[in-house]
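In: Quick one: sequence plus predicted model below, questions after.
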Amino acid sequence: MEDQSVPTMTCTRPTGRPFIVPDVPDGRSAAPCRSAVLEALFTVLPQPLCVFDDQRRILFANPASADLVGYRVEQLIGDYEWLLLPSDTPRWRRFLRDLDSAGTTRTTFFRLRHCGGDWLWVHAAASVFAVGGAHLIAVTWKDCSGDLCEDPRTISPG
């Protein structure tokens with residue numbers, strides 16, 4: 001069988017659900033759709049994980065991140081700022097913008113809208129990685145609403 005890569009951004013999982021992979025500058029897909037092993041690893045992680053592009057769009061969200069906020073994975077892909085508390089949005093944008101490719105992990109707190117209408121305090125840890133020349137941001141989230149981590153109200157806004 002001939003090895004084929006798909007040059008578009010949308011691929012289909014073996015389950016039939018779409019997922020997004022980033023394009024690299026020369027138009028090739030940064031990750032062939034057959035990279036199911038890596039995607040399966042991210043999918044089964046119990047920690048909520050999202051991958052953002054340099055335009056702050058979510059390219060990938062695992063089921064744990066969707067479960068955290070009560071939405072479907074497909075609803076999180078693309079523009080996600082509707083999930084952020086409006087007063088937290090500028091700080092979140094600075095946080096993503098100020099990440100560098102030095103391999104360091106940065107953290108912050110912010111609030112996400114749950115589908116039930118509640119606001120969740122979330123701790124985010126992010127770092128930059130490169131795939132085929134494209135710089136992406138991996139972010140893990142942890143719900144701190146139930147005092148599961150340091151009280152976010154004691155953190156001064158960055």
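Out: Right, received. Where do you want to start? Numbers count the residues shown, from 1 in each chain.

In: only C-alpha atoms for contact and neighbour calcs from this point on.
Out: Noted.

In: got a list of what Gly78 touches?
Out: Going by Cα atoms under 8 Å, 6 or more residues apart in numbering, Gly78 touches 57-59.

In: now, which of these lie within helices?
Out: Among the contacts of Gly78, DSSP state H puts none in helices.

In: I'd like the residues you listed as CSV, with pLDDT and distance to Glu81 appended.
Out: Formatted as CSV, those follow (pLDDT from 0 to 100; distance: Cα to Cα, whole Å):
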residue, pLDDT, distance to Glu81
Arg57, 91, 9
Ile58, 93, 10
Leu59, 91, 14
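
In: Going by distance to Gly117, which of these wins?
Out: Nearest to Gly117 out of the contacts of Gly78 is Ile58 (Cα to Cα; 21.3 Å).

In: which strand residues sit across from the closest one in the sheet?
Out: Phe52, Gly78 (DSSP bridges).

In: remind me, longest strand of the chain?
Out: Identified as the longest strand of the chain according to DSSP state E is strand 119-131.

In: Taking strand 119-131 as reference, get the angle to the very next helix or strand once past that strand.
Out: With elements assigned by DSSP states H and E, the helix or strand that comes after strand 119-131 is strand 134-143. Compare the direction of strand 134-143 with that of strand 119-131 by axes from the mean of the first three to the mean of the last three Cα atoms, to 10 degrees and you get 150 degrees.

In: buried stuff in strand 134-143?
Out: Neighbour-count burial for strand 134-143 flags 135-143 (criterion: 16 or more other Cα atoms under 10 Å).

In: circling back to that earlier point, in a markdown table: the contacts of Gly78, plus neighbour count and distance to Arg72.
Out: Below are the contacts of Gly78 laid out as a markdown table (neighbours: other Cα atoms under 10 Å; distance: Cα to Cα, whole Å):
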| residue | neighbour count | distance to Arg72 |
| --- | --- | --- |
| Arg57 | 17 | 16 |
| Ile58 | 22 | 13 |
| Leu59 | 21 | 14 |
